[in-house]
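>>> Got a predicted structure plus its sequence, pasted below:
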Amino acid sequence: MKVRQGKGRKDRQTLLSEAAFAVVEQYIEVEQPADWLFPGQREGRYLTERSAQKVFEKALAEAGIRKQVSIHSLRHSFATHLLENGIGLRYIQELLGHQSVRTTERYTHVSRRDIGRIQSPLDRMSGLED
């Protein structure tokens, strides 16, 4: 999926799950948006970042989630889950549209559980595998 003029007005390639795509298709079928996929309240305008934040905050409240999170937290979670599923940092960097891998590293919260599973290459070579 190509995102045009995302964060920082950058274009980037990213993922859209099949489940999310099905929801978007259903939304388009019902709402039939004309100019923007997510139009704002004023004719011909797009949904503002602040309005999206308010929708997100309302969804959190309705779901009973009390943890302090933001829409931006979803990018961190996305990056972390990809990393935990074995996707390389360079690919994650590309999906998030970061110029520097250092920026991507800040997004990825490596879990202690996964770190505990890492085995030394020397142990693997010497036959001391788990």
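Sure, I can see it.
>>> CA atoms for contacts and neighbours, from now on please.
Noted.
>>> ok, which stretches of this protein are helices?
For the chain, applying DSSP state H gives helices covering 18-31, 49-63, 71-84, 89-96, 101-107, 112-116, 121-125.
>>> hey, least reliable of these by pLDDT?
Lowest mean pLDDT of the helices of the chain: helix 112-116, a mean of 63.
>>> Any figure for the gap between Phe21 and Val69?
For Phe21, the distance to Val69 equals 24 Å [C-alpha to C-alpha, to the nearest Å].
>>> ditto for Ile87
From Ile87 to Val69 the distance is 24 Å (C-alpha to C-alpha).
>>> How about Gly8?
21 Å.
>>> Neighbour count for those two, which is higher?
Taking neighbours as other C-alpha atoms under 10 Å, Gly8 and Val69 compare with Val69 leading, 12 against 7.
>>> that older thread, closest to Gln41 out of the helices of the chain?
Closest to Gln41 of the helices of the chain, according to C-alpha to C-alpha: helix 49-63, at 9.5 Å.
>>> what angle sits between the closest one and helix 71-84?
70 degrees (axes from the mean of the first three to the mean of the last three C-alpha atoms, to 10 degrees).
>>> what does helix 49-63 rub up against?
Arg66, Ser70, Ile71 (C-alpha atoms under 8 Å, 6 or more residues apart in numbering).
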